[in-house]
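> got a structure for you, letters missing:
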């Protein structure tokens, strides 16, 4: 961030802080009323000067701003500006040897937290006096931030050749979100094993499998259905067919690389219908993230409402799922689009 950008951010912070305590300066509280007014300000939400999102500030924070402004009545906004650290942008006491050790350590262990890097650096410094005095954890953390060394989650615990290639691809490219331009332009489908078991006619408890199809643009749940047993092509074809009959054909579809998803019955059937089939990259489930988010709502809302239902059966679960999808999920305002899936 350039110096002018830093100045602009500091000025926005100062203006926001003055907005919080300005009314106390314009109309000073009477003796004994200051604490009550500060508590009232602490309950209110304010627009964050950078993100614009609602944010609250604690009583002691607002109190400190107030006394800062009172002590400088001629220019209270200036005194409320953020003070820039003297070592801002510098590496502090981090010498060249320590920097090289950290860079090499990060290259080998990008999934480690900064705390873990710090702990390992501490152990190394105890056995290697040539590294010199070890700086504080905050200095290490600032070094990682300045260098852009952020924690990267491992795509899989298996260290296969494919996983290594996927991690190298992810490290060398920027990952962005996307959205289809039109409703029906892209459908996602995926499978999810439920957290609750259902009781079969044989008196057995079985963990059911949920297959679902959603529209990328509107986030509409086109069709959701539970099945017994493992993911198979027959059940997938049935789910996708139901989605097409209920919501219409899509122009393209995305799924993972599972055997059922890439079976010839599926690929050839979609080709005959004029639907372009695309699959996610290996070890990259985030490409199908919209339907993954749907599974979180299934577990957090639907399954939570059924937790007190005894002897849950597959038919009851499917009936409840259809009612939830059409009565709540498709009619509830989506946090990203700002519209209900049906309206969008």
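All right, it came through fine. Quick caveat: nothing in here was measured; it's all calculated off a predicted structure.
> need the strands for the chain, in chain order.
Using DSSP state E, the strands of the chain run over 46-47, 54-55, 187-193, 198-199, 205-206, 209-215, 221-227, 252-255, 276-279.
> Can you list the strands that the last one pairs with?
Each strand that strand 276-279 pairs with, and the sense of that pairing, follows from DSSP bridges: strand 252-255 (parallel).
> try the first one
Within its sheet, strand 46-47 is paired with strand 54-55 (antiparallel), according to DSSP bridges.
> Show me the contact partners of the strand it pairs with.
For strand 54-55, the surrounding residues in contact (CB atoms under 8 Å, 6 or more residues apart in numbering) are 45, 46, 47, 48. Using the backbone N, CA and C atoms, a C-beta is placed for each residue, glycine as well.
> Looking at the strands of the chain, spot the one closest to residue 301.
The closest of the strands of the chain to residue 301 is strand 221-227. By CB to CB, the value is 12.1 Å.
> Given the closest one, what are its sheet partners and their directions?
The partner list of strand 221-227 in its sheet, established with DSSP bridges, is strand 209-215 (antiparallel).
> Return the distance of the partner strand from the chain's centre.
In terms of CA atoms, centre = their mean, to the nearest Å, the gap separating the centre of strand 209-215 from the centre of its chain is 21 Å.
> hmm, back to that, can you tell me which of the contacts of strand 54-55 lies closest to residue 75?
Proximity of those to residue 75 was ranked by CB to CB; the top entry is residue 46 with 21.5 Å.
> Quick check, the closest one in contact with residue 17.
No: counting by CB atoms under 8 Å, residue 46 sits too far from residue 17 to count as a contact (9.4 Å).
> Who has more neighbours out of those two?
residue 17 (26 against 14; other CB atoms under 10 Å).
> Now do the contacts for that one.
The contact partners of residue 17, by CB under 8 Å, 6+ apart, come to 65, 80.
> Check residue 265 too.
So residue 265 contacts 233, 237 (CB under 8 Å, 6+ apart).
> what separates it from residue 333, distance-wise?
Per CB to CB, to the nearest Å, residue 265 is found 38 Å from residue 333.
> And for residue 131?
For residue 131, the distance to residue 333 (CB to CB) stands at 55 Å.
> okay, those two: which has more neighbours?
Using other CB under 10 Å, the more surrounded residue of residue 131 and residue 333 is residue 131, with 16 against 11.
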